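K.L.:
attaching a predicted model along with its sequence, questions to come.
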Amino acid sequence: MHRVHLTCGRMGLVVVMTLVGHGCSGPDADPLLEKSPPLPSSTSEALTATSTCNGDDGARSPTTATLGSTGHIEIEDYFVGGVFFANSTILRAKANPECVAHLWAAEQRFSNAGTMTVTSDLVGKPGGPSAPLVIYPDDHQEYYEFPDPPLFNFPDGAKVQFELTGATGFPPLRTSTLRSSIFDTITVTAPTLPESDELIVSSTKPLDFAWDAPAKPPHPGLAGHTQQLSVRFFALGPVAWAFLYCSWPIYEGRGQLPAVLLSAVRARLGGSGTLDAVLDVYTGELREFVTAKSSYVVFATTDNAATFPRGTSVLFE
């Protein structure tokens with residue numbers, strides 16, 4: 001039984017784990033890769049890339065998997081948080097570069113990835129924090145801070161900057177900039193929630209998303225800045241836990257969690273029957289930072305950026 005506590009609020013999904021990690025030390029010890037050898041990793045912002053494909057199976061497979069370190073950094077107006085995992089599986093679908101999945105052994109501990117620093121346009125100015133946030137991992141190796149005053153005022157499209165010093169197995173992130181949402185709350189029209197407020201997601205079918213796409217940015221000077229509607233799907237299995245991220249240009253008004261990745265994730269989570277999951281929808285800017293053996297997903301958002309309820313409960317079939 002998983003001793004995990006899920007809470008949902010303005011700060012998003014918080015996973016509090018109080019369990020002993022599995023202590024994997026390499027691919028041979030990783031239960032996520034025992035039945036499926038690592039395959040070449042695709043990259044979106046790769047610094048380097050190496051192939052771990054054995055034989056011809058990788059060329060025929062619709063998905064690729066690599067073993068490495070992963071991270072999740074969420075920068076909100078009133079909350080900044082991050083978690084990192086060693087010995088993760090980074091899973092991609094060749095036909096869906098807009099998505100990536102991070103899987104790690106069930107109940108595995110968080111990892112120390114160094115010191116995180118976050119700042120924004122408002123830092124040092126009236127109405128903003130007096131100094132950049134310098135965030136160290138707590139006793140559970142979780143990163144979080146609650147800026148007050150806020151880092152930005154939704155939906156002002158403020159620039160937020162962040163960097164990570166890195167640690168053994170976790171490459172550093174040089175100073176990078178994201179822009180928070182430049183639009184007011186986006187209306188999500190699909191999927192629709194049943195009366196139970198519990199969404200059923202099949203691993204054999206794509207999950208379609210639709211929203212009222214904004215016609216243009218509120219200020220012409222912001223037209224060239226990346227804005228997206230993004231989804232984070234968090235699922236718990238007896239063998240593995242997973243984050244699945246997909247992100248689409250906000251002007252398109254539609255997107256899809258592909259069946260090929262939902263199916264691949266479900267197979268690696270282990271067990272049979274229905275699993276517990278949580279679904280979150282964001283707007284703002286999301287970027288993935290990739291090296292040959294790591295994947296960090298970083299996004300600037302806020303709690304009320306979309307009408308789809310944060311922390312929506314899911315039954316994953």
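P.N.:
Thanks, I have the structure now.

K.L.:
contacts, neighbours, all on C-alpha from now
P.N.:
Fine.

K.L.:
in stretch 92-108, what counts as buried?
P.N.:
92-94, 96, 98-108 (16 or more other Cα atoms under 10 Å).

K.L.:
got it, and stretch 115-124?
P.N.:
115-116, 118-120, 122-123.

K.L.:
what about those, which are in strands?
P.N.:
Judged by DSSP state E, the subset of the buried residues of stretch 115-124 located in strands is 116, 118-120.

K.L.:
quick revisit: the buried residues of stretch 92-108 in strands, which ones?
P.N.:
92-93, 96, 98-105.

K.L.:
mind checking the longest strand of the chain?
P.N.:
The chain, longest strand under DSSP E: strand 275-291.

K.L.:
residues of the helix or strand immediately after that strand in the chain that come out buried?
P.N.:
Where DSSP states H and E defines the elements, the next helix or strand beyond strand 275-291 is strand 294-300. For strand 294-300, burial by neighbour count (16+ other Cα under 10 Å) applies to 294-300.

K.L.:
now those as JSON lines including pLDDT?
P.N.:
Shown next, in JSON lines, are the buried residues of strand 294-300 (pLDDT from 0 to 100):
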{"residue": "294", "pLDDT": "97"}
{"residue": "295", "pLDDT": "97"}
{"residue": "296", "pLDDT": "98"}
{"residue": "297", "pLDDT": "98"}
{"residue": "298", "pLDDT": "97"}
{"residue": "299", "pLDDT": "94"}
{"residue": "300", "pLDDT": "95"}
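
K.L.:
quick revisit: state the pair within the ones in strands among the buried residues of stretch 115-124 that is farthest apart.
P.N.:
Spatially, the most separated pair among these is 116 and 120, at 13.8 Å (Cα to Cα).

K.L.:
distance from the centroid: which residue in this protein tops it?
P.N.:
Within the chain, the residue lying farthest from the chain centre (Cα atoms, centre = their mean) is residue 126, at 31.7 Å.

K.L.:
what about the helices in the protein?
P.N.:
Taking DSSP state H as the criterion, the chain carries its helices at 57-60, 259-269.

K.L.:
the last one - contacts with which helices or strands?
P.N.:
So the one you mean is helix 259-269. Counting contacts by 3 or more Cα pairs under 8 Å, 6 or more residues apart in numbering; DSSP states H and E, helix 259-269 packs against strand 63-75, strand 80-93, strand 96-105, strand 240-249.

K.L.:
what sits closest to residue 95 if chain neighbours are left out?
P.N.:
Closest residue to residue 95 apart from its sequence neighbours, by Cα to Cα, 6 or more residues apart in numbering: residue 62 at 7.4 Å.

K.L.:
do the same with residue 160
P.N.:
residue 120 (4.1 Å).

K.L.:
got the contact list for that neighbour?
P.N.:
Residues in contact with residue 120 (Cα atoms under 8 Å, 6 or more residues apart in numbering) are 132, 151-152, 158-161.

K.L.:
with residue 148 instead?
P.N.:
Taking Cα under 8 Å, 6+ apart, one finds 78, 128-129 in contact with residue 148.

K.L.:
out of those, which comes closest to residue 71?
P.N.:
residue 78 (20.2 Å).

K.L.:
contact partners for the closest one?
P.N.:
By Cα under 8 Å, 6+ apart, the neighbours of residue 78 are 11, 146-151.

K.L.:
coming back round to it: check which helices and strands the longest strand of the chain sits against.
P.N.:
The helices and strands touching strand 275-291, judged by 3+ Cα pairs under 8 Å, 6+ apart, are strand 173-179, strand 228-236, strand 294-300, strand 312-316.

K.L.:
format the ones you listed as TSV; extra columns: distance to residue 253.
P.N.:
What follows is the helices and strands packed on strand 275-291, written out as TSV (distance: least, Cα to Cα, whole Å):
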stretch	distance to residue 253
strand 173-179	19
strand 228-236	9
strand 294-300	19
strand 312-316	20
